[in-house]
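Student: just a sequence and a predicted model for now, questions to come.
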Amino acid sequence: MMQDSRRKARDNAHRPGLPRLLAALALLTLAACQPDAPPRPEGSTDLSAAERAACLAEGGTVGRGGMLASEQCFKPLPDAGKSCSTAKDCSGLCMADTGTCQAVTPQFGCLEFLDETGQKVGLCVD
């Protein structure tokens, strides 16, 4: 028995990197265990190749938005960030919280904007 433990100790002394190698392999194995992307809701759609190309050609970006997480073309607006006090001042919405024109369209979520008379209006877009 004593000889077996000495033999193991001697063998391990000749392979000092083995424990590190095993630890590295264990870490790599764990790193590979990434969760899958969450499933998109039923009814979610993707843009066609032609729609995607047209979006990019118009300076837009393709992303997901809305409750169904469908692919959308988010287009910048020409007056993005311009100061505004009514909806008439913007090609999109006049954002109530900043007093500036909306940057991109579409915009999702709950937001407040200024209408044609400068009154604050709340809206949730999904």
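Tutor: Structure's in. What do you need?

Student: which residues touch the closest residue to residue 81 other than its chain neighbours?
Tutor: The shortest distance from residue 81 to any non-neighbouring residue, by C-beta to C-beta, 6 or more residues apart in numbering, is to residue 100 (5.2 Å). (Glycine included, C-beta is placed from N, CA and C.) Neighbouring residues of residue 100 by C-beta atoms under 8 Å, 6 or more residues apart in numbering: 80-84, 94.

Student: narrow these to just the buried residues.
Tutor: Applying 16 or more other C-beta atoms under 10 Å to the contacts of residue 100, the neighbour count classes 84, 94 as buried.

Student: so what sits opposite the residue nearest to residue 81 in the bridge?
Tutor: Beta-bridge partners of residue 100, counted by DSSP bridges, are residue 83, residue 95.

Student: check residue 104 too.
Tutor: residue 76.

Student: next structured bit after the least confident helix or strand in the chain by mean pLDDT?
Tutor: Sorting the helices and strands of the chain by mean pLDDT, DSSP states H and E puts helix 18-31 at the bottom, at a mean of 54. Later in the chain than helix 18-31, the nearest helix or strand by DSSP states H and E is helix 49-57.
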